[in-house]
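In: Here is the input, now give the coordinates:
(2 chains)
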Amino acid sequence: MSALGVAVKSPSKSTSAKDYIHEVIEEIRTKNPAEPEFHQATQEVFESLVPVLDRHPEYRSAKLLERVAEPERVIMFRVPWMDDRGEIQVNRGFRIEMNSAIGPYKGGLRFHPSVTLGTLKFLAFEQVFKNSLTTLPMGGGKGGSDFDPKGKSDNEVMKFCQSFMTELWRHIGPNTDVPAGDIGVGGREIGYLFGQYKRLANEFTGVLTGKGLNWGGSLIRPEATGYGCVYFADEMLKAQKKSLAGKTCVVSGSGNVSQYTVEKLLDLGAKPVTVSDSDGMIHDPDGITREKLAWVMELKNARRGRISEYATQFKSAKYVPMDYKLGYNPLWDIKADCAFPSATQNEINAKDASNMIKNGVALVAEGANMPSTLEAIQIYLDAGILYGPAKAANAGGVATSGLEMSQNSMRLSWTRQEVDERLHQIMIAIHKNCFETAERYGTPGNYLNGANIGGFVKIANAMLDQGLV
Amino acid sequence: MSTTHDPTSLADVSNPFQSFQDLMPFRVQDVLLVSSLYDSFTLQEDGRLNELIAGEFLELSLPHMPALVHVSSGAEALALAKTERRFNLIITTIRAADMDATELAREVKLAGLDIPVVAMAYDNDERKDFEAHHDLSELDGLFLWQGNARVLVAIVKYVEDLRNVEHDTLAMGVRVVLVVEDNVRYYSAFLPEIYTEIIRQSQSLLSEGINPAHKLVRTRARPKLLLATNFEEAWRLFRAYEPYLLGIISDVEFPRDKVRSREAGFELARMARERIPDLPIVLQSSRAEFAEGAAKAGVAFVRKYSETLLSDLRAFMVEHFSFGEFIFRLADGTEVDRAKDLKSLEEKLRTVPSESIAYHGERNHFSNWFTARTEFALARKMRPRKVSDFDSVDGLRFDLIRSIAEYRREQTDTLVADFDPKVFDPNGNYFARIGGGSLGGKARGLAFVRYLLNYHVVGKLWPGVHISVPPTLVLATDCFDRYLAQNGLRELALNSRDDEQITKEFLSTPLPRDVVRKLRAFVEQVRWPLAVRSSSLLEDSQYQPFTGVYETYMLPNNHPDARVRLRHLLMAIRRVYASTFLRQAKDYLHATPYRLEEEKMAVAIQKVVGNHHENRFYPDFSGVARSYNYYPTPPATSEDGVAAVALGMGRSVVTGERCLSFSPRHPQSIVTFSSVKETLSNTQREFWAVELGEETDTDSEKAMRETAFGLDVAEKDGTLSALGSTYSAENQAIYDGLSRSGVRLVTFAPILKHGVFPLAEILAVLLEVGSQGMNRPAEIEFATCLSNDPRKPHEFGFLQMRPLVLQRETENLDLGEAPTEALLCRSESVMGNGTVDTIRDVVVVDFHRFDRSRSRAAAAVIARYNAELLEAKRPYLLIGVGRWGSTDPWLGIPVTWDQISGARVIVESGFRDFRVMPSQGSHFFQNLTSFQIGYFTVNADVGEGLIAWDWLAAEKAVSEQDFVRHLRFEEPVVVKMNGRKTQGLIYKPGKAS
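Out: Coordinates of the predicted model:
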């Protein structure tokens, strides 16, 4: 019986969910040649859905995988502009409107010479599930251009942005598609894009996120990822009737994510003892206090100095230079309760993960993007420690985009406390979704499964509900 | 210009001297110099050619002194030589704009002109290359410029001797010295010294009681010097002038029957002694083992390149030569007054009787006297003026006074005046010198800029901007020589490898008293911060940059007690002197064709461009700009040039710290600002200033250096407002200016985007003017003080200008398609051109194992390998990760130039975890290009080139330490570079096609 109430050609029931998934993936390869990133992304997501498809034959018969892998709309357009020397330049603009089942398309714009249709489709596809996981009403999309901002003058960037928006504006809107920034699109570009949209649409609406604070932007953006990650960790502990209070925490990195992770850890009574940069790390067994954190922020944000200076400034700390020969990062080889990888991709390998377990780490919450290698993740899962995967734990950034949209719709600007409080609530909701989904699909405590499945199921159900569109 | 008898100097020449008058029938009258404007300026200014002519030319060929006329092409030279017969010597650079030296010589002969043509190379490699490919028989000589203008004097004398020797020996029995030497570089340095020596000797022979004019005439009887470059020529000259021979100075090894013979010198000595048993003979060689043979043969022996060779041959300094005074006379010959120089002439002209002025005016005496003093411009101006042109003699008198005064003022503005405490105006735009000798490379470049600024509209293009060279006092190289000589420091300085010992000795040794006296007078009147900079003879010479090798000190110079200020100044000068002989400099010099003894240090004492801000002193910003960019990014091209600027003192820029790099032609397209993240990681966050403190009184070296401050200080001082931007983390954006709250960054946005100061325009024009002046790309260093007062102009101070050396693009290689497995390296970002097939050694920093925290250790190991390979004379290929020469050990291996000076080709690659930014902006770079070292940049992770790391790692190392491996191969590692396409390949040994 089809959930749509219409006769659809049903896939052969004899094939297993696994085989079905592979059939779909094969089809995607054939239909979308020369888009290897997209192939890989769909494969990864779909393979994690085996238990879902086993349980939901209706997803199969509604051909949800096939539908979800096909963008609702792809817009490709010419972006002509004139450079400072009066020469005409032609770039290619894109907007992938991937999925609007749960809200307007939402996703960043990327300006980089490497931008192709394939990359953007892959990014849009991932965005769909990321946004879904935040529990906010945001669909998925992505866009951009092969424009290279390198060596362009302010004026050229503006002219490009205006030309780009001159086409894009007819496809987007506060209730249709709300782009944000990404690589090559920061506050400056969002400003130029917004200005041109406003001029063409004759409307001041929240059609883009990442806006300036004085014209519709939201507070807490730099803090969101770090704060959110700590909230998520706190929820994971609470589910176990524990709390962050008094916990010794190792934090890597010293950028935004790391700084605000440390700050929120201090708010919640934990004891952060490390921060690092690409040269090395400091271990301060006495704990990084608020005063010390303020010093780190000044060092890193204003002076852009090296973290090694911390050890000169605070005698309680030891500086350990990065040593690639070791084959592991000594930062993860410190006695601690919780680990907050907040620096970069692949910063934790199998050896690091084993070291953590050995040192008593019982929780890993990923503030950085994909900081753990696949082997490392397997080690967390095998050891049964609490593992908050990046897609859930660092959803705070995406969530504030949603909060900016809400404020724009309401024509309000929330205070820091209000935004922070809502962020907290969102992280609680994300945790709840992941936690319950993991349990429902037979892998209790496995937040990775919970996140993968939770994001998808919300989309899938909405698509079923809305019929064959 | 006709040659007239100048009565003021020759009227009383009596008959016994008449015969001397007949000597030297061939005299170089005027010289055509075919070269770039800068080359000719270098010769004139560096060597104080005026004085050289007066002191050295003058004694040879009075009453006419050679004038140097500069043209920039062979065609111009030919045209001028044909129309104006006064030119009887052409000195040309090897490659003039349109024809090379041999072509020019041929053209001269074809045109039926009997003018000797001598080629002067500016670079030894260029010279060798030229010699190998050209028939030099049409040339009358080939010399190598090595930063000493005396070579020019030597060329003139050499040519004159060549032409006059037959006549003069027959007429007067003038003696002859035979020099046998086939090494161009060597005799180019050696002949000037020998000439100086010979002149000195002949002067000392002159009896007392004759007046200077007689001396001048008499010195024409000095011995001739003949140069032979092979055995047959030497023997022919020996036989031809046997009766007149004074002695022989000969190389040991030189060609005989076209083959280089180790016995040639000994054989020549033997044959010569057979005929003249007591003939003085000196053999010289760089090989010590010949000493024994020489002793056996009973001839003297000196070691070439020995540090004391020249001092061995030089006994005294040349006595300063009198120019001859202007004697005011009445028509009956009564002397009424005398003037010894232009200044006193101007004074005396006011008081001498009109009768005397009329007498001299009618006879062209004034213009003749000017000519004799090589003041040609003034001479030309005065010659056509007759007494009859004026209403009265006083009309002529005032015209003369006005012309001389004008001329002198012009000279003060463009030329270098002698420091005279009595007339020194500390608030004036002075450029003065203490002592004779050369100004050194840096000061010479500045003097050239002053000249350009005065004669070119560029100085006046921007009404609100005052472009100038900061007031400068130069201690010329003679001060250095005297300092060394009077204190007997030379031996220690040349031989000791102990930096501490040298510094200690120098610091405790006083400067010559008259120099100290002048410096005291200077410092008593000057109370602003001073930069004490090295300006060595060889530094910044066109092919041999020594930038960064010698020291620069910053003196607060604010102590109320002038004695303390003087003490600090003397300390800094001695430190600069000492730096000439420190290990770094010695090692550096070793890699050049020069000997340490040829190096001399002048010191430029420059007013620091800047403003007071509480206890800090610094300019709003400083920078370096080059007219050629090795790493252009679209839309800029290489020819658009590049500038690097930073708030505060220039130390940020020259040491390669974070600063702003932009093309003056595209000031708004800034590569490092393409994203917020990149901007944040590439912008300057601290700056350097001279710290004044409470009447700073410390002799420590640290007190003579700049101090770093944070941008908050600059913001408080008000200096950030014209240069700053603000980063807002909340908005992920960078805003021009400081009106918002957030992190401050130095972006120069108000200047480059919003017209606060026309920096890009000024740089673009100055670079163009500079490179035109030098006929090659130029580099300038500058510092700027912005004015808040609309009535006061902004100050743009030139700190330095020098030629930027590019690779010679002799061939345009086609790299073709090379199979990847044959390659050691490929890069699309290469400097250098041509094929290198002499490398068999590779020093490689292991990419896989290298650890950035150990980069200092790696630098030490590299320095060791470098020293070993340099000593073994094995050029090598250096491959490493990060920015070579970075001062930040985390960004690259912090080697100094001397630590890698033996590398022939260098490869710079990204770290595993870090993409490398090319080392654009550091002084280091200039060295690489000047030594014409191939330079490859590879970022394999982003598809820019490749390095066969695995292959390298698998090769057995001769030696290995701290991830640095030294590999040696039987077959050469061939390097091919295409400079125009900036592509390059390095083949594995034996794999080159």
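In: Roughly how far does B:Val975 sit from B:Gly834?
Out: 9 Å (CB to CB, to the nearest Å). No exception for glycine: its C-beta is placed from N, CA and C like everyone else's.
In: how many neighbours does the residue of chain B found nearest chain A have?
Out: Of all residues in chain B, the one sitting closest to chain A is B:Ala733 (2.5 Å; CB to the nearest CB). The tally of other residues near B:Ala733 (other CB atoms under 10 Å in any protein chain shown) stands at 23.
In: one step back: with neighbour numbers in mind, choose between B:Val975 and B:Gly834.
Out: Neighbours around B:Val975 and B:Gly834, counted as other CB under 10 Å, are more numerous at B:Val975. The numbers are 26 against 18.
In: tell me which element B:Leu799 falls in.
Out: strand B:794-803 (DSSP states H and E).
In: Now the residue of chain B closest to chain A: phi and psi?
Out: The phi and psi values for B:Ala733, taken as degrees, to the nearest 10, are phi -150, psi 160.
In: about what we covered before: using CSV, write out every CA atom in the strand holding B:Leu799.
Out: Extracted as CSV, the C-alpha positions of strand B:794-803 are listed here (Å, rounded to 0.1, in the frame of the first residue of the first chain):
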residue,chain,number,x,y,z
HIS,B,794,53.6,64.9,4.1
GLU,B,795,57.2,63.8,4.3
PHE,B,796,58.2,61.0,2.0
GLY,B,797,61.8,60.0,2.8
PHE,B,798,64.0,57.9,0.6
LEU,B,799,66.1,55.6,2.7
GLN,B,800,67.7,53.7,-0.2
MET,B,801,67.6,53.1,-3.9
ARG,B,802,69.5,50.4,-5.6
PRO,B,803,69.4,48.4,-8.8
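In: so after it, what's the next helix or strand?
Out: strand B:823-827.
In: Adjacent strands (with direction) for that following strand?
Out: strand B:946-947 (antiparallel), strand B:983-987 (antiparallel) (DSSP bridges).
In: give me every residue that touches the residue of chain B closest to chain A.
Out: A:186-188, A:191, A:212, B:676, B:727 (CB atoms under 8 Å, 6 or more residues apart in numbering or on different chains).
In: Which ones among those map onto strands?
Out: Mapping the contacts of B:Ala733 onto strands (DSSP state E) picks out B:Tyr727.
In: Summarise which helices and strands whichever strand or helix holds A:His39 is packed against.
Out: Here A:His39, judged by DSSP H and E, is contained in helix A:36-47. Secondary-structure packing of helix A:36-47 (3 or more CB pairs under 8 Å, 6 or more residues apart in numbering or on different chains; DSSP states H and E): helix A:17-31, helix A:117-133.
In: contact partners of that helix?
Out: Residues contacting helix A:36-47 (CB under 8 Å, 6+ apart): A:21, A:24-25, A:28-29, A:32, A:65, A:69, A:118-119, A:121-122, A:125-126, A:129, A:452, A:456.
In: for that helix, what is the average pLDDT?
Out: The pLDDT scores in helix A:36-47 average 85.
In: circling back: now, of the contacts of helix A:36-47, which are buried?
Out: A:21, A:24-25, A:28, A:32, A:65, A:69, A:118-119, A:121-122, A:125-126, A:129, A:452, A:456 (16 or more other CB atoms under 10 Å in any protein chain shown).
In: with those residues in mind, which one is nearest to B:Pro793?
Out: Using CB to CB, the shortest approach to B:Pro793 within the buried ones among the contacts of helix A:36-47 belongs to A:Thr119, at 53.2 Å.
In: all strands in chain A, in order from the N-terminus.
Out: A:73-82, A:88-99, A:105-111, A:140-145, A:177-180, A:248-251, A:271-272, A:274-277, A:280-283, A:318-321, A:338-340, A:363-365, A:386-388.
In: Export only the CA atoms of the fourth one, formatted as PDB.
Out: Put plainly, it is strand A:140-145. The C-alpha atoms that make up strand A:140-145 are tabulated as PDB, following Å, rounded to 0.1, in the frame of the first residue of the first chain:
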ATOM      1  CA  GLY A 140      18.600  22.600   2.300                       C
ATOM      2  CA  GLY A 141      20.400  24.400  -0.500                       C
ATOM      3  CA  LYS A 142      23.800  25.700  -1.600                       C
ATOM      4  CA  GLY A 143      25.000  28.100  -4.200                       C
ATOM      5  CA  GLY A 144      27.900  30.100  -5.300                       C
ATOM      6  CA  SER A 145      30.200  30.900  -8.200                       C
END
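In: Just list the residues touching the nearest residue to A:Pro389 once chain neighbours are set aside, thanks.
Out: Leaving aside its chain neighbours, A:Pro389 sits nearest to A:Leu448 (4.7 Å; criterion: CB to CB, 6 or more residues apart in numbering or on different chains). With contact set as CB under 8 Å, 6+ apart, A:Leu448 has these partners: A:377, A:381, A:387, A:389.
In: just curious, which of the residues you listed is nearest to chain B?
Out: A:Ile377 (21.6 Å).
In: and the nearest residue to A:Arg95 once chain neighbours are set aside, how many neighbours?
Out: Nearest residue to A:Arg95 in three dimensions, chain neighbours excluded: A:Gly143, at 3.8 Å (CB to CB, 6+ apart). Per other CB under 10 Å, the neighbour tally for A:Gly143 reads 31.
In: Likewise for B:Glu821?
Out: By other CB under 10 Å, the burial measure for B:Glu821, its neighbour count, is 9.
In: can you check the one 4 residues further on too?
Out: Using other CB under 10 Å as the criterion, B:Cys825 is surrounded by 26 other residues.
In: try B:Asp418
Out: 12.
In: tell me the SS of B:Ile605?
Out: Counting by DSSP: H, G, I helix; E, B strand; the rest coil, the backbone at B:Ile605 sits in strand.
In: correct me, but A:Val250 touches A:Lys271?
Out: No. If you go by CB atoms under 8 Å, A:Val250 and A:Lys271 don't touch, sitting 10.3 Å apart.
In: Would you mind telling me which of these two has the busier surroundings?
Out: A side-by-side neighbour count of A:Val250 and A:Lys271, using other CB under 10 Å, places A:Val250 first with 26 against 21.
In: which residues does the more buried one form a beta bridge with?
Out: In beta-bridge terms (that is, DSSP bridges), A:Val250 pairs with A:Ala339.
In: Please tell me how far it sits from A:Ile377.
Out: 18 Å.
In: And A:Glu23, by the same measure?
Out: 27 Å.
In: Give me the more crowded residue out of those two.
Out: A:Ile377 (19 against 15).
In: so how far is B:Phe143 from that one?
Out: From A:Ile377 to B:Phe143 the distance is 74 Å (CB to CB).
In: same deal with B:Ser663?
Out: 39 Å.
In: So which of these two has more stuff around it?
Out: Set B:Ser663 next to B:Phe143 and count neighbours by other CB under 10 Å: B:Ser663 wins out with 27 against 23.
In: list the contacts for that one?
Out: B:629, B:632, B:636, B:640-643, B:669.
In: same deal with B:Glu107?
Out: B:74, B:78, B:99.
In: Now name the helix or strand holding the residue lying closest to B:Leu142 once chain neighbours are set aside.
Out: Nearest residue to B:Leu142 in three dimensions, chain neighbours excluded: B:Ala119, at 4.9 Å (CB to CB, 6+ apart). Using DSSP H and E, B:Ala119 sits in strand B:117-121.
In: and for that strand, what are the contacting residues?
Out: B:35, B:89-94, B:101-102, B:104-105, B:108, B:127, B:130, B:136, B:138-145, B:151, B:155, B:158-159, B:184.
In: Mind checking which of the residues you listed are buried?
Out: Neighbour counting by 16+ other CB under 10 Å classes B:35, B:89-94, B:101-102, B:104-105, B:108, B:127, B:130, B:136, B:138-145, B:151, B:155, B:158-159, B:184 among those as buried.
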